[in-house]
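# I need the structure of the sequence given here:
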Amino acid sequence: MDTQSLLLTSSAIVISEKASGYLQQLCKHFGHKVAVSFTPERGTIVFDFGNCALAASGNMLSLTVTAATTVGLSRVQHVVASHLERFAFREKPEIVWN
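A predicted model of the protein is given here:
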């Protein structure tokens with residue numbers, strides 16, 4: 001059985017003129033503690049409890065989180081959103097997970 005199909009997924013879109021900058025800032029920040037890979041357009045952050053895939057295009061930052069459990073999914077959502085809110089405090093981004 002494909003373990004990818006067992007993962008829970010949630011996503012959010014954040015509109016910001018600094019979408020690529022925030023993608024890179026998040027990846028650099030978490031890169032001190034966990035595995036990350038990124039370019040100005042795409043990034044991946046691998047936590048023990050789940051992952052976050054990021055994509056920046058123009059003024060749009062797409063966040064897609066995956067985890068094996070609802071607790072893990074909620075934790076990835078919280079960690080990524082709280083850091084993005086801190087980095088983008090001047091813009092007060094609205095992060096709504098679907």
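# Once you drop chain neighbours, what's closest to Phe30?
Ile45 (4.9 Å; CB to CB, 6 or more residues apart in numbering). For glycine as for every other residue, the C-beta is placed from the backbone atoms N, C-alpha and C.
# Sorry, wrong one. I was asking about Thr70.
Leu8 (6.3 Å).
# How much space separates that neighbour from Glu41?
25 Å (CB to CB, to the nearest Å).
# Next: Gly50.
22 Å.
# Comparing those two, which shows the higher neighbour count?
Per other CB atoms under 10 Å, whichever of Gly50 and Glu41 has more neighbours is Gly50, with 25 against 13.
# Look up phi and psi at that one.
phi 160, psi -180 (degrees, to the nearest 10).
# doesn't Thr64 make contact with it?
No: using CB atoms under 8 Å, Gly50 makes no contact with Thr64, being 10.7 Å away.
# Let me see the backbone angles for Thr70.
phi -70, psi -30.
# Break down the chain into its helices, ranges please.
All helices of the chain, identified by DSSP state H, fall at 19-30, 70-87.
# where does this structure dip in pLDDT?
By pLDDT under 70, the low-scoring segments of the chain are 1-5.
# about what we covered before: burial check on the residue nearest to Thr70, number of neighbours?
16.
# these two touch, right, it and Ala67?
Yes: applying CB under 8 Å, one finds Leu8 in contact with Ala67, separated by 5.6 Å.
# Touching both of these two, which residues are there?
Leu73 (CB atoms under 8 Å, 6 or more residues apart in numbering).
# what about Ala19, neighbour count?
23.
# residue contacts, it?
Contacts of Ala19 (CB under 8 Å, 6+ apart): 56-61.
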